[in-house]
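J.: Provided below for reference: sequence and predicted model.
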Amino acid sequence: MAGLLKTSTSQQQHALELKLCGLYQNLLELEGEERDELLLLLRDRHARYLQGGLGYLPAGFISLDASRPWICYWVLHGLALLDSPLPAYISADQVTAFLSSCQHPSGGYGGGPGQMPHLAPTYAAVSALLTLGGKAAYKSINRAALWDFLCRMAIPPEQGGGFRMHEGGESDVRSCYTALAVASSLGLDMPTLSTKSGMVDYIRRCQTYEGGLGGEPGNEAHGGYTFCGLAALKLAGQPEVLDLPRLLHWAAQRQGWVEGGFNGRTNKLVDGCYSFWQGGVFPLLQQLLATGEQHRQQQQVPAVSRSSPTYPPLTPPSSWQQQEQQPQQQCSQEIVVPPLPDLSRVQGPQQQAQLDAERLNEVSDALTEAVLGSSAEASTLADAASSLDGNGGPGPRSAAAYRQLYLQKAQAAQQAAEYADEMAAIAAASAAVLYPCTSTAAASSGSRGDAAAAAAPAAPAAPAGCSSSGDDQDVTANPLFNTRALQCWILRACQQLKGGLRDKPGKSADYYHTCYCLSGLSMAQHIPGGGVVGAASNRLKQADPLVNIVVNKLQEATAYFSSLQ
């Protein structure tokens, strides 16, 4: 398309949007039960797919030999969300025995039997055992040795802070999260770990000028690291060290209005796994919002004005070194949800795409007619060609040369018009049009909304359940993102018919994406202000937003380990 800089990413993005257009168009003409039939969670197929991950796996899985506890967690957590049992040929005792064989005598778990202890598979193994449940699984965990392992992995503040993933290994935000999540799940001393590692300041320094968090100070903001960093700080009781309003702004911009899903970084494609890793940030922010609202009511503090966004201009520092040298400060700006501004004169994505298509088609038609009018005088063609070239005139040419020039311009305009027509079709069948930002009540019902609402101008990244009613808005029940569009993405684009969930259309299902697509779907259903899209049978079990273990499983484990104190 003329005037458009094509890159590998932009071409992949357009190709994905065209695929989704075909998937979403069928939903436009349907409502109620008819639409629900196309948005049905294939529970039994996904359960069978997950059950096949326990036991012997094909030779192709050898690349995951150092991630075997992760496979156990992905499978067990997915089955727990679906409320499905283990396969008949595998018992809980067998899974417990295998994970015990991955436990290192010095504490922690390795990626497989006989492998060195590592924080990532330690989190996976502990989470899998707590999901299995029962005293046998709980007792298999050597909490004393695991505590020693966590302490050994802590990096003193004077050495930079944080945790090492393993002896002599790297340190990043993942290690902070996995260490704190394990300590929280097992009832270990989190305040001591936090102080010993200096992780609070380490994570603070990982926040970028965009608002999200990178894996290490100076790295690009990334969805997975942002979740890990915010969750770790919330477990440590100090999330206010982050610039939370800016984090919320960045996270909301990661949801694609065409796809409904999330990407992990700016200008990247959406991926089903970020339904949790990116979407999971919002329940944590919503809890902080609710806490701030309760505190204000208790202190009888006037509400902060919501007349404008609270995040500051997103200006990067002149260098990362300057950012790291800035003194630590408490970025305790309150998270507030501003009302929507007057959008009566704003062109929504669908309207803008339609206008572009009409304009470019008119240009293409005019140029084509000029080519057909080959009997026009050379002077007329020269004047037209000069205005097209914009360089003061091309000099003397024959009428045939001018017709050739017109033909080239017409072809370019036709390509642009075809591209614009595609964009108009994509915009008309986008997730944001199918499930526009409406009232919380409408969002909970899973209803489509009328065509006028779908065609109305829409603010980008507007959260489901938003309202422009000012101070009457119940901000603590606002999910801060479009929960219905996310569920549409997961149910329509990420499910594989034979079972399992995937990164995006065109990719194959795997246990990792099945686990985190289901985790994101559960989060979108259970977050206050969310609700179930599609059939009522789509409802999954609720997972704890901090450690991503099904709530009742975590409660049983917490009660057991509390009794040991």
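T.: In hand now; what should we look at? Residues are numbered from 1 along each chain as shown.
J.: from here on, contacts and neighbour counts on C-alpha atoms
T.: OK.
J.: burial count for Tyr511?
T.: 23 (other C-alpha atoms under 10 Å).
J.: do Asp36 as well
T.: Asp36 - counted by other C-alpha under 10 Å - has 19 other residues nearby.
J.: double-check it against Ala535; I have them as touching.
T.: Yes. In this structure Asp36 lies within contact range of Ala535 using C-alpha atoms under 8 Å: 5.4 Å.
J.: quick one, what contacts Lys553?
T.: Each residue near Lys553 by C-alpha atoms under 8 Å, 6 or more residues apart in numbering is listed here: Leu130, Thr131, Leu132, Gly133.
J.: let's verify it: helix, strand, or coil?
T.: helix (DSSP: H, G, I helix; E, B strand; the rest coil).
J.: what are the buried residues along stretch 136-156?
T.: Buried residues in stretch 136-156, defined by neighbour count with 16 or more other C-alpha atoms under 10 Å: 137-138, 141-143, 145-147, 149-151, 153-155.
J.: one step back: and which of the contacts of Lys553 is nearest Ser184?
T.: If you rank the contacts of Lys553 by distance to Ser184 using C-alpha to C-alpha, Leu130 comes first, at 12.1 Å.
J.: look at the closest one and give its secondary structure.
T.: helix.
J.: how many residues are close by it?
T.: Each residue near Leu130 was counted by other C-alpha under 10 Å, and the total is 27.
J.: you'd agree it is up against Ala557?
T.: Yes. Using C-alpha under 8 Å, Leu130 is in contact with Ala557, at 6.2 Å.
J.: so what sits against both of those two?
T.: Shared contacts of Leu130 and Ala557, defined by C-alpha under 8 Å, 6+ apart, are found at Tyr138.
J.: how many residues are close by Pro157?
T.: 16.
J.: state whether Thr122 is indeed within a strand.
T.: No. Counting by three-state DSSP, Thr122 is not found in a strand; it is helix.
J.: tell me where the stretch 401-550 of the chain is predicted with low confidence.
T.: 402-403, 438-476 (pLDDT under 70).
J.: how about low-confidence regions in the stretch 1-150 of the chain?
T.: 1-4.
J.: ok so, going back, who wins for neighbours among the contacts of Lys553?
T.: Highest count within the contacts of Lys553 by other C-alpha under 10 Å belongs to Leu130, 27 neighbours.
J.: next, the contact list for it, please.
T.: Contact analysis of Leu130 by C-alpha under 8 Å, 6+ apart lists Ala137, Tyr138, Ile549, Lys553, Leu554, Ala557.
J.: in contact with the third one, which residues are there?
T.: Ile549 sits next to His77, Ser127, Leu130, Thr131, Ala543 when contact means C-alpha under 8 Å, 6+ apart.
J.: which residues does the first one contact?
T.: It refers to His77. Ala128, Thr131, Cys515, Ile549, Val550.
J.: if we use 7 Å, what do you get?
T.: Applying C-alpha atoms under 7 Å, 6 or more residues apart in numbering to His77 gives the contacts Thr131, Cys515, Ile549.
J.: next one: the last one
T.: By C-alpha under 7 Å, 6+ apart, the contact set of Ala543 is Ile549, Val550, Val551.
J.: so Gly107 sits against Ile141, correct?
T.: No. Counting by C-alpha atoms under 7 Å, Gly107 sits too far from Ile141 to count as a contact (9.3 Å).
J.: quick one, helices of the stretch 1-150 of the chain?
T.: 8-28, 32-38, 43-51, 68-82, 92-101, 119-132, 135-139, 143-153 (DSSP state H, counting those that start in this stretch).
J.: out of those helices, the one nearest Gly499 is which?
T.: helix 43-51 (4.5 Å).
J.: that older thread, format the contacts of Leu130 as JSON lines; extra columns: distance to Leu355.
T.: Formatted as JSON lines, those follow (distance: C-alpha to C-alpha, whole Å):
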{"residue": "Ala137", "distance to Leu355": "61"}
{"residue": "Tyr138", "distance to Leu355": "62"}
{"residue": "Ile549", "distance to Leu355": "47"}
{"residue": "Lys553", "distance to Leu355": "53"}
{"residue": "Leu554", "distance to Leu355": "53"}
{"residue": "Ala557", "distance to Leu355": "58"}
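J.: which one among those residues gets closest to Val281?
T.: Ile549 (15.5 Å).
J.: what is the nearest of the contacts of Leu130 to Cys21?
T.: Ile549 (34.4 Å).
J.: roughly how far does that closest one sit from Gly78?
T.: For Ile549, the distance to Gly78 equals 10 Å [C-alpha to C-alpha, to the nearest Å].
J.: now the end-to-end length of stretch 31-42.
T.: 20 Å.
J.: go on, stretch 534-541?
T.: 16 Å.
J.: same check, this time on stretch 533-543
T.: Stretch 533-543: ends 18 Å apart by C-alpha to C-alpha.
J.: again with stretch 203-219
T.: Between where stretch 203-219 begins and where it ends, there is a gap of 12 Å, by C-alpha to C-alpha.
J.: check stretch 145-159 too.
T.: Stretch 145-159: ends 24 Å apart by C-alpha to C-alpha.
J.: begin at 596 from here
T.: That works, and once the first residue is 596, the last one we named lands at stretch 740-754.
J.: please enumerate residues in contact with that stretch?
T.: So stretch 740-754 is in contact with 701-703, 756-761, 774, 788, 791-793, going by C-alpha under 7 Å, 6+ apart.
J.: from these, pick the one nearest Asp1098.
T.: Met760 (26.3 Å).
J.: and the contacts of Leu725, which is closest to Tyr668?
T.: Distances from Tyr668 to those, taken by C-alpha to C-alpha, are shortest for Ile1144, at 9.7 Å.
J.: could I get stretch 755-766 in CSV with only the CA atoms?
T.: Taking Å, rounded to 0.1, in the frame of the first residue of the first chain, the C-alpha atoms of stretch 755-766 are listed here in CSV:
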residue,chain,number,x,y,z
GLY,A,755,22.1,-5.4,43.7
GLY,A,756,19.2,-7.3,45.3
GLY,A,757,16.8,-9.9,44.0
PHE,A,758,17.2,-13.7,43.7
ARG,A,759,19.3,-16.0,41.6
MET,A,760,17.4,-18.6,39.7
HIS,A,761,19.9,-21.3,40.7
GLU,A,762,23.5,-21.5,42.1
GLY,A,763,25.6,-19.2,40.0
GLY,A,764,22.6,-18.4,37.8
GLU,A,765,20.9,-15.3,36.4
SER,A,766,18.7,-13.0,38.5
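J.: run the chain-centre distance for it.
T.: The chain centroid and the centroid of stretch 755-766 are separated by 26 Å, computed with C-alpha atoms, centre = their mean, to the nearest Å.
J.: ok, stretch 737-749 next?
T.: 32 Å.
J.: can I get the contacts of Ala1138 in JSON lines including distance to Leu1081?
T.: Listed next are those as JSON lines, based on distance: C-alpha to C-alpha, whole Å:
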{"residue": "Ile1144", "distance to Leu1081": "21"}
{"residue": "Val1145", "distance to Leu1081": "20"}
{"residue": "Val1146", "distance to Leu1081": "22"}
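J.: please consider this matter closed, and thank you.
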